[in-house]
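1. Could you look at this predicted model? Sequence included:
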Amino acid sequence: MHDPYIVRPKSSSGLQQKLLAEDFIKLDFESPIELNVTLKDYIQVFGRKYFINTMPVVTKKAARLFNYECTFESYIYDLSKVAFLDVDATGIHISHEFTLTGKLEDFGHVIKNNLRRLFGNNGWDCINLYAEGLNETKTLSFSEDTCLSALRKICSEYGVEYYFTENGPGAEYQFHLYFGLVGGLPVSDPFEYGKGKGLTEIKRKNASASNFITRVYAFGSSRNLGPNYRNFSPRLRLPAVHITPDIFVTKGVEIQHFPSTYIYGQTNAAFVQLQVPVIEGWTDYGQPMAGAQFNAGQGLTYTQPPKVDGFRVKAWNEAGKYVFSDGSYEGWENTGPEIDYVENLEAIEKHGVIEKVVIFDEIYPHRTGIVSGLGDSSLKFVDSEMFDLNEYQNGAYTYLLPGLSAKVHFNTGNLAGYEFEIWNYNHASREFTLMSYTDERGLVLPNNTSPAFQIGVGDEYVILDIKLPESYIEAAEQRLLEKATDWLNRYSNPQIALDVKVDETYISGLNMQIEIGNTMHVIDQSFNVNAIYRIVGITRNLIREDQFEVTLAEEVYRGRNANFREGNKKGGGIFKTGGTETHDRLHSMTSVYDHGAAEEKDRNKVLGSNAETGLPEWIAKDSLDKFFVHYQGVPEAVWNVSHNLNKYPSVTIIDTSGNEMEGEIEYTDNNNLVLTFSAPFSGVAFLN
């Protein structure tokens, strides 16, 4: 243990941050004496602590001149010290190499179990911000991962982000690790290049080295399709294209003289013909007539006793594709080759066709069942909503496939990720009986004696290696279309990034929140730029604290309803700054603290929501001591919100399902505002 060292950083010292990656301080300084700078020593800058996790580089340049190159890392790097093992809630683990099936919050539980294993029960708590909006079950593989690399892998797979807060003394946990659809606050009014406009340099570059795509051929999994799926396709395909007829036909009736009936009408087809009903549908009657003759009044004649509704007119341009005067048509649904791609026509017009095949193996027809009861052994469970898996019609099973054993795959619960063959299904009781499985440890699953390895009520599962009802296949095809469309929307236009240098003079003395994840509005006519970008990288000088180099990107991990629009009403200032927020200015003299001389800073916290919302119970003050207030909204379309921030705050709205909502904002004065939405709903307004 040693007293704090007071050092003078070199001008090269600064903060380096990247979204979902770096967060460290590079501190270079000189000293006339050798210092005992060692592991776990820390500095506190910009409101946060950074620790030495690797020994500094020390160069002796003279008898009384030592040069130090130190890297101080944020608390998030503690996660890189913890191996990511398959630890369950009881602390049992088998291997560092494993496959895990679950939802986003389930992966968070495993991270928490590992952190608890090293840091104890009061170290890190993992909180899934918006579990309801990220409910997809995924299967991920891990090998030789740390908790930090696993966290980044999970976030990448789900398209979400993470951040952490350090809690004050007496808190249940020292740190809260949040992951989910993390929003960002606006920095200020728009930045432009030029004196007094905020930016001294703008560099435009590609956000990714990968080529963009304008047409994607999308396929799903090969599971649960049955033997005769879509011309024997081995994988799930996009929904079949239903071609809308481009011809029409109408009819009218006039009785000329008994027993003949005169049928007239209009069409844009080449040919028409009368049809009459038979026992099994319709049959042609008489000879075809040219559409032009039909339009000229030379009607079709029905010489049977007249029945006004007993006939219809068929029209066509080519054999096999017909429309009828009763509004029906046939032969259009399955004509031509089926299309297995989605494309961006606007991007194709600009850049041409650029194709890519993408397999979404996690998408397949399935029914998510829920265990509603347990049987008289560990191998049995009941699903009261299950359809008749044993249905047998016309000499064949409807759902069971010849030569394949149907399997239950658990998505949640103690057996999540495990698959078991089905020994028997009793539809009268809706009871499954599984075949046991013995793993590499010799542990029998499900286990008769250990509750940690048993089926539980509420566990979710899917059945594999069966043919599901057609409605499930159609639903899976629709999910594939949505997934492929979302994928194409992300990659069908060149993504650009901007590197900008912020004008120190412009921001000096202003309380601008230039932080990772926040947004900046950048305008530049020569680059044809006028958009809001996400801050994904920051370099900040330790000596000249208003000297920022910022990397901005178009790509933002957000929900579909994630933007709260600025209204056109009085004071619609969602990008305004000001008010009472302050933080300590960093000086050129920086203190390096010994890890034993802990300087704790009380971080106030306020209630963020109640238990019904599913959101965090509180929102902690963050690294710049910004503080949040909240407003619990009732089911109304207009919210009148009062606060005591004495400014025009930025606003984020979360509904009770965890989705960010859109609306319009009107600032009545510095402590009152009105939020207007398109429809009533309940949620929480966060003001900052």
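-> The structure has been received and is ready for your questions.
2. tell me the pLDDT at residue 138?
-> You'll see residue 138 listed with a pLDDT of 81.
3. Pairing partners for it in the sheet, please.
-> Residues in a beta bridge with residue 138, per DSSP bridges, are residue 102.
4. how about it, what does it touch?
-> Contact criterion CB atoms under 8 Å, 6 or more residues apart in numbering gives 101-103, 157-158, 362 as the residues in contact with residue 138. To be clear about C-beta, it is placed using only N, CA and C from the backbone, and glycine gets the same treatment.
5. Among those residues, which one lies nearest to residue 71?
-> Closest approach to residue 71 among the contacts of residue 138 (CB to CB): residue 157, at 28.9 Å.
6. average model confidence for the strand or helix carrying that closest one?
-> Residue 157 belongs to helix 147-158 when assigned by DSSP states H and E. For helix 147-158, mean pLDDT is 89.
7. how far out from the middle of the chain is the longest helix along the chain?
-> When the chain is parsed with DSSP state H, its longest helix is helix 470-491. Remark: helix 470-491 is offset 15 Å from the chain centroid, using CA atoms, centre = their mean, to the nearest Å.
8. what does it rub up against?
-> Here helix 470-491 makes contact (CB under 8 Å, 6+ apart) with 210, 212-213, 215-216, 218-220, 224-225, 229, 236-240, 342-344, 358, 360, 363-367, 555.
9. So which of those belong to strands?
-> Among those, the members falling in strands are 215-216, 218-219, 342-343, 358 (criterion: DSSP state E).
10. Name the next helix or strand downstream of the longest helix of the chain, please.
-> For helix 470-491, the following helix or strand on the C-terminal side (DSSP H and E) is strand 496-502.
11. in the stretch 301-450 of the chain, which spans are helices?
-> With DSSP state H, counting those that start in this stretch as the criterion, the stretch 301-450 of the chain has helices at 345-351.
12. where in it is pLDDT low?
-> Along the stretch 301-450 of the chain, the parts satisfying pLDDT under 70 run over 304-309, 333-338.
13. The same query, at a cut-off of 50, please.
-> 306, 308 (pLDDT under 50).
14. which strands and helices sit next to the helix holding residue 157?
-> Packing partners of helix 147-158 (3 or more CB pairs under 8 Å, 6 or more residues apart in numbering; DSSP states H and E): helix 104-119, strand 138-142, strand 161-166, strand 175-180.
15. Quick one: closest of those to residue 680.
-> Residue 680 lies closest to strand 175-180 among the helices and strands packed on helix 147-158, at 24.8 Å (CB to CB).
16. That closest one: partners in the sheet, and parallel or antiparallel?
-> Here strand 175-180 is paired, per DSSP bridges, with strand 124-128 (parallel), strand 161-166 (antiparallel).
17. Would you reformat those strands as a markdown table and include distance to residue 444 and mean pLDDT?
-> Formatted as a markdown table, the strands paired with strand 175-180 follow (distance: least, CB to CB, whole Å; pLDDT from 0 to 100):
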| stretch | distance to residue 444 | mean pLDDT |
| --- | --- | --- |
| strand 124-128 | 31 | 83 |
| strand 161-166 | 37 | 87 |
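18. The ones you listed: which one's closest to residue 417?
-> Residue 417 sits nearest to strand 124-128 of all these, at 18.5 Å, using CB to CB.
19. List the contacts of that closest one.
-> So strand 124-128 is contacted by 78-79, 104-105, 108-109, 111-112, 115-116, 134, 164, 172-180, 616 (CB under 8 Å, 6+ apart).
20. Of the contacts of residue 138, keep whichever come out buried.
-> Buried residues within the contacts of residue 138, counting neighbours by 16 or more other CB atoms under 10 Å: 101-103, 158.
21. count of neighbours near residue 394?
-> 5 (other CB atoms under 10 Å).
22. Correction: the previous question concerned residue 470.
-> Using other CB under 10 Å: residue 470 sits among 10 other residues.
23. Same question for residue 4.
-> 15.
24. Please apply the same query to the one 3 residues further on.
-> One way to gauge burial is a neighbour count; for residue 7, by other CB under 10 Å, it gives 21.
25. Any idea how many residues pack against residue 364?
-> Residues near residue 364, counting by other CB under 10 Å: 22.
26. what about burial for the contacts of helix 470-491, which qualify?
-> Buried by 16+ other CB under 10 Å: 212-213, 215-216, 218-220, 224-225, 229, 236-238, 342-344, 360, 363-367, 555, out of these.
27. max-length strand in the protein?
-> strand 672-687.
28. mind showing which ranges of the protein have poor pLDDT?
-> Counting by pLDDT under 50, the chain shows low-confidence ranges at 209, 306, 308, 556-591, 593-630.
29. Give me the most central residue, it.
-> Geometric centre of the chain, nearest residue: residue 159, 4.7 Å, by CA atoms, centre = their mean.
30. What strands line up against the strand or helix carrying residue 667, and which way round?
-> Counting by DSSP H and E, the element that carries residue 667 is strand 664-669. Each strand paired with strand 664-669, and its direction, by DSSP bridges: strand 672-687 (antiparallel).
31. Show the contacting residues for the nearest residue to residue 547 once chain neighbours are set aside.
-> For residue 547, ignoring the flanking residues on the chain, the nearest one in space by CB to CB, 6 or more residues apart in numbering is residue 541 at 4.1 Å. The neighbourhood of residue 541, defined by CB under 8 Å, 6+ apart, consists of 11, 13-14, 547.
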